[in-house]
Each structure stands twice: as structure tokens, then as C-alpha cells.
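Undergrad: make a model of this:
(one chain, ligands or ions: 3)
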Amino acid sequence: MNDDIEKVLYSKEDIVRVSQKLGKQITQDYEGKNPLVVCILKGAILFMSDIVREIDTYCELDFMDVSSYGNAQVSSGSVKIIKDLDVSVEDRHVLIIEDIIDTGRTLRTLVDLFEHRNAKSVKICTLLDKKERRVEGVTPDYVGFDVPNEFVVGYGLDFLGHYRNLPYVGVLKPKIYADN
Ligand code: 5GP
Ligand code: MG
Ligand code: MG
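TA: Ligands and ions are numbered 1, 2, ... in the order given. Here you go, the predicted structure:
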């Protein structure tokens, strides 16, 4: 599996370090606010587990599964809810944890949805921000890394369901695309 990777962009150590930095900021910003921390499945699970261990104040965790891509590499432009939250966001400070923001369509939809459901506030924490590709006006509040316009995998991010378990973020070898 590691042989399929052309280059490593961010190691586990890099990601843990950035999670510590972001976790400190989040702790200060949400002290006494009991935020609902929402992990967007499946891509954000590894980053979520790093981030929440660095949040040193009361919070609740919930999970939502959405799909905008299916198995394709191009955003379909529509976002489908596969699994909704268990907890109501009404009157809650919501902090969305995402793996990567690409076009911004997924998060635009989610922020609008939570605001429509009367969340008190909605903020975004993303491991990776691929700014170049943005088509929706979405600005994350907490960003791990600005990532170049390349298709990345690992640390939660997949290609055709694989590579989520790689302990780093990397770029796939072009040969892997060609074979699929
Ligand atoms: P957006 O709606 O912002 O275009 O896309 C967000 C979702 O697309 C991410 O949560 C992720 O699942 C997928 N995505 C976007 N860029 C990449 C990428 O470079 N690699 C992988 N594996 N998934 C991506
Ligand atoms: Mg995602
Ligand atoms: Mg995916």
C-alpha cells in the first residue's frame, strides 16, 4: 500500500503537532460553551480523534455521514445525507470537523443546514484546505494545512475506499489512477 504513494505531504507527527495548536485555540474559543463537535464521516475520523484529545473543555461529539462524490474524483455538486446527527443542533455551538475542503460544496450545504436548524453558531475545522478549487464561499475557522491542488489520500482520505488507514497524507502515483 505504501508503494502506491508518490510523496508524503504531512506525517503523523506533523498532524499531531498541528492538532495540538488548533486544539488550544478551540479550547480558548469554546470555554464554557459546551460545543457540539461534529465529525464528517468517514474522512475526518482520524483527524477528529486527534483534535478532540486536545480540546480541554466540556464538549459533546456527534457524527454525520454525507456523500458528494460517490466513488468519482469530481464533485457531483449535490450532497446527500447518509447518516444524520443524533443530537439536535438547536441553540448549540457547532464545530464541524472535516478532512478536506475542496470545492466547498459539502460544507456550504452543512453550514446552511445547521443554521436552518437554528444552531447558535457554526464553525469549521479542517485538516486540509485546497483553496484553489473553491467554488462556494466557504472559509474555515481552523485549518491544519493549505494543500496544493493534487488528489491526496491517507489519514482518513480515500481513493476508491482504500488508503484511509495510512498514518500520513500523501499523493498517489499516477499509475494508480491509470489502472482504475
Ligand atoms: P467539496 O464538497 O469541498 O468539493 O469536497 C469535500 C469532500 O471531497 C471531502 O470531504 C473529501 O471526501 C473529498 N475530496 C476532495 N478533495 C479530495 C482529495 O484530494 N482527496 C480525497 N481523498 N478526497 C477529496
Ligand atoms: Mg470529507
Ligand atoms: Mg471520498
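Undergrad: gap between the helix or strand of the chain with the lowest mean pLDDT and the chain center?
TA: One helix or strand of the chain scores below all others by mean pLDDT, DSSP states H and E: helix 174-178, with a mean of 85. Taking the mean C-alpha point of helix 174-178 and that of its whole chain, the gap between them comes to 25 Å (CA atoms, centre = their mean, to the nearest Å).
Undergrad: tell me if that helix is near ligand 1.
TA: No. Applying CB under 6 Å from any ligand atom, one finds helix 174-178 separated from ligand 1 by no less than 11.8 Å. Using the backbone N, CA and C atoms, a C-beta is placed for each residue, glycine as well.
Undergrad: what does that helix rub up against?
TA: The set of residues external to helix 174-178 that reach it, using CB atoms under 8 Å, 6 or more residues apart in numbering, is 4, 6, 151, 159.
Undergrad: switch the cut-off to 6 Å
TA: With contacts defined as CB atoms under 6 Å, 6 or more residues apart in numbering, helix 174-178 is touched by Asp4.
Undergrad: in that helix, which of the residues would be classed as buried?
TA: Judged by neighbour count (16 or more other CB atoms under 10 Å), helix 174-178 contains these buried residues: Ile176.
Undergrad: could you export it as PDB, CA atoms only?
TA: Extracted in PDB, the C-alpha atoms of helix 174-178 (Å, rounded to 0.1, in the frame of the first residue of the first chain):
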ATOM      1  CA  PRO A 174      -0.400   8.500 -11.400                       C
ATOM      2  CA  LYS A 175      -0.200   4.800 -12.300                       C
ATOM      3  CA  ILE A 176      -2.800   4.000  -9.700                       C
ATOM      4  CA  TYR A 177      -5.300   6.300 -11.400                       C
ATOM      5  CA  ALA A 178      -4.500   4.900 -14.800                       C
END
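Undergrad: give me the secondary structure label for Glu150.
TA: On the three-state scheme (DSSP: H, G, I helix; E, B strand; the rest coil), Glu150 is labelled coil.
Undergrad: and it, how many neighbours?
TA: 12 (other CB atoms under 10 Å).
Undergrad: now swap in Tyr58 and tell me
TA: So Tyr58, with other CB under 10 Å, has 11 neighbours.
Undergrad: do Thr27 as well
TA: Neighbours of Thr27 (other CB under 10 Å): 14.
Undergrad: what about it, distance to Gly144?
TA: 16 Å (CB to CB, to the nearest Å).
Undergrad: and whichever strand or helix holds Ile97, which strands flank it?
TA: In the assignment (DSSP states H and E), Ile97 maps to strand 93-101. Each strand paired with strand 93-101, and its direction, by DSSP bridges: strand 36-41 (parallel), strand 121-129 (parallel).
Undergrad: now render the ones you listed as CSV, adding mean pLDDT, mean neighbour count and distance to Arg108.
TA: Below are the strands paired with strand 93-101 laid out as CSV (pLDDT from 0 to 100; neighbours: other CB atoms under 10 Å; distance: least, CB to CB, whole Å):
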stretch, mean pLDDT, mean neighbour count, distance to Arg108
strand 36-41, 98, 23, 13
strand 121-129, 98, 23, 10
